[in-house]
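>>> here you go, sequence then predicted model.
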Amino acid sequence: MASLFSQLGGSDSQEVQIDTSNSLSSIASVPEPETSNQLEELQNLQLPQAAPPEETITEATFDSRQVHDLAKADLDFLAGLVLPAIFRYCFPPVFKSVWTWLVSYIHKPRDFSQLALGLPRGFGKTVLVKLFVFYCIMFTSRKFILVLAENQTKANNIVADIVDMLEEENVKKVFGDWKVGVETDRQDLKKFGFRGRNIILMAGTVEVIRGITLKNERPDVMIFDDIQSRVVAESMVQSETLEREMVGTAMKAKSPHGCLFIFVGNMYPTKWSILRRLKANPNWIKFIAGGILADGTSLWEELQPLEQLVREFENDLAAGRPEIFFSEVLNDENASANNHIDFAKLPAYSIPPNQIPAGNFIIIDPSGFKKNSDDTAIGYWEVHDAKPVLMGLISKKLSPGDTIRTALQFALTHNCRLVCIEAVAYQATLAYWFQFICAQLGIIGIEAVELHPGGFSKNSRILAAFKQYQAGEILIHPDVKPEVHLQISQFNPLKTDNQDDILDLLTYAHKVLELYGEYVINYGTIVLQEHDSATVEEFNSPF
């Protein structure tokens, strides 16, 4: 598709030519040698190389009116026509739906619709905006298109790219040369007569556009393209100032005869994200999509394959910043519901890999094993420098029997004799069954004890654990940090249905040391035991 229109020829008459003929004629024609001198000259001659087969071009003829109509009706055709050098993939269904949505509003007479378009970062939303501006110039009666960005340079660059589309040879041969009627040609302002009307294309920022009038016209298309940066989104004062300027300065400069407002951006992991605020505003019509669809596929598989997105998420997760992926790629407005931990300011993990722990223990947060049940979390902890350190973690749906067997594997592998089980409602029976199964298997020296929340709500206990983690009173091994940080970043203290099975383990870490500290320390008589291929040393239990 990218090369389909790269050789569009002809004129603005009835037919235009697309040259796709074989172009191997550049090979030099060399006569047969007549003398030895001529032979020597030919041996030293550098012959031009033939064009590779993939660059072969053939020729086809199209009616100019047909090209015009196809460009107006088909997004892929339009992109291939005006962006032959960069258009590589056809747009996916969601983008075509967005395009239909935008086009349906641009043709409404005396309309003041406000559209908020949320597309993921890295999925070509600005390219779509540029194509839409091109569409407005070619196929509508709009006269004054105002493009606003985070700063003047970015706005100028968008306008420059739109002008490049107008200057594409394919475009000039089908629609004519826009420069014939140029009156003003600055980086931030283009005024020209084209397509039977005077057109103004202007770049700017929301702060400087106040009461703008050019050639007695006010903007009838106003595009806010990524006007908010991440740095601004992290500041309440700057974000509120920006939104106030957008509404009170830029939008008030509209044409009284109609203006289409389009806000284009993505979510930021702060409550001052403008897209998040517009999503809650009933006066804005929203179209917001994430990079991964509900069926688990990529929004645009050819451009951003699912495997590539998963690697990006894993990288953000390992860096302790999963909220960036959730907000800016998935457009999840709840990505930063928890701001009680600043991941960037967490104390560095400094436990040497071979350091012998002062003790160890296991905490279990039991749950059901039906499809709608929460996950069961089992955490293996060690004590280093008098601090609990989460070293191993399993979080998935487990039956009571599988929960016990998995915990036993942890205990036998790590010479751990203390298993602490949250005992709330039916969960209180798990400690009994743990001891029962140990007796059946002939395993001695591992004790199961109960943990109780002590009258505090789960969310208040989790928030207290966050403070301990931030202060370095709880440590988490790098191998399990991504899973823990994922639940931390998604935790909303105002909700009661968070996925918090792993976070519950953190809430009990110091309580285990307070209640059972004397049993955490490893000591006792050594006897070998075997269970499910794991061989450990048995010790006397002080229980």
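The structure has been received and is ready for your questions.
>>> neighbours of Val174, how many?
Counted with other CB atoms under 10 Å, the neighbours of Val174 add up to 24. (Each C-beta comes from the backbone N, C-alpha and C, glycine too.)
>>> pLDDT score for it?
As predicted, Val174 sits at a pLDDT of 91.
>>> likewise for Asn315?
Note for Asn315: predicted pLDDT of 85.
>>> which neighbouring elements make contact with the helix or strand harbouring Tyr508?
Assigned by DSSP states H and E, Tyr508 belongs to helix 501-520. Other elements packing on helix 501-520 under the criterion 3 or more CB pairs under 8 Å, 6 or more residues apart in numbering; DSSP states H and E are strand 359-365, strand 376-384, strand 387-396, strand 418-422, strand 447-451, helix 458-470, helix 481-490.
>>> right, and the ones you listed - which one's nearest Leu70?
Among the helices and strands packed on helix 501-520, helix 481-490 comes nearest to Leu70, with 45.8 Å by CB to CB.
>>> on that earlier part again, put together TSV for the helices and strands packed on helix 501-520, with distance to Val231 on each row.
As requested, these are arranged in TSV below (distance: least, CB to CB, whole Å):
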stretch	distance to Val231
strand 359-365	38
strand 376-384	36
strand 387-396	33
strand 418-422	42
strand 447-451	43
helix 458-470	23
helix 481-490	19
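>>> ok, Phe123 to Glu301 distance?
11 Å (CB to CB, to the nearest Å).
>>> could you report the neighbour count for Trp188?
Check again: residue 188 is Asp, not Trp. Residues lying near Asp188 (other CB under 10 Å) number 16.
>>> what sits against Lys191?
Applying CB atoms under 8 Å, 6 or more residues apart in numbering to Lys191 gives the contacts 182-184, 198-200, 214-215.
>>> do that again at 7 Å, thanks
Going by CB atoms under 7 Å, 6 or more residues apart in numbering, Lys191 touches 183-184, 200, 214-215.
>>> could you do Ala423 as well?
Contact partners of Ala423, counting by CB under 7 Å, 6+ apart, are 431, 450-452.
>>> make it 8 Å
Applying CB under 8 Å, 6+ apart, the residues near Ala423 are 430-431, 450-452.
>>> emit the ChimeraX select command for whichever of those are buried.
To isolate the buried subset of the contacts of Ala423 in ChimeraX, counting by 16 or more other CB atoms under 10 Å, use the following:
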select :430,431,451
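>>> from the contacts of Ala423, pick the one nearest Phe361.
Checking the contacts of Ala423 against Phe361 with CB to CB, the nearest one is Leu451 at 10.6 Å.
>>> and that closest one, what does it touch?
Residues counted as contacts of Leu451 (CB under 8 Å, 6+ apart) are 363, 420-423, 508, 511-512, 515.
>>> want to try TSV for the residues you listed, with pLDDT as columns?
As requested, the contacts of Leu451 are exported to TSV (pLDDT from 0 to 100):
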residue	pLDDT
Ile363	95
Cys420	93
Ile421	92
Glu422	90
Ala423	83
Tyr508	94
Lys511	93
Val512	94
Leu515	91
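>>> ok, back up a step: just the buried ones from the contacts of Lys191?
Neighbour-count burial (16+ other CB under 10 Å) applied to those gives 200, 214.
>>> closest to Ser399 out of the contacts of Lys191?
When these are compared against Ser399 (criterion: CB to CB), the nearest one is Ile200, at 68.9 Å.
>>> find the nearest non-adjacent residue to that closest one, please.
Spatial nearest neighbour of Ile200, excluding adjacent residues (CB to CB, 6 or more residues apart in numbering): Phe144 at 4.5 Å.
>>> so that neighbour touches Ile209, yeah?
No: using CB atoms under 8 Å as the test, Phe144 is too far from Ile209 to be in contact (11.5 Å).
>>> name the residue in those two with the higher neighbour count.
Applying other CB under 10 Å to Phe144 and Ile209 shows that Phe144 carries more neighbours, namely 24 against 20.
>>> in JSON lines, list the contacts of Leu451 along with distance to Thr376.
Listed next are the contacts of Leu451 as JSON lines, based on distance: CB to CB, whole Å:
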{"residue": "Ile363", "distance to Thr376": "11"}
{"residue": "Cys420", "distance to Thr376": "14"}
{"residue": "Ile421", "distance to Thr376": "11"}
{"residue": "Glu422", "distance to Thr376": "10"}
{"residue": "Ala423", "distance to Thr376": "14"}
{"residue": "Tyr508", "distance to Thr376": "14"}
{"residue": "Lys511", "distance to Thr376": "19"}
{"residue": "Val512", "distance to Thr376": "18"}
{"residue": "Leu515", "distance to Thr376": "22"}
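>>> which residue ranges of the stretch 151-300 of the chain form strands?
Shown for the stretch 151-300 of the chain, the strands assigned by DSSP state E, counting those that start in this stretch span residues 182-185, 189-194, 197-204, 221-225, 260-265, 285-288.
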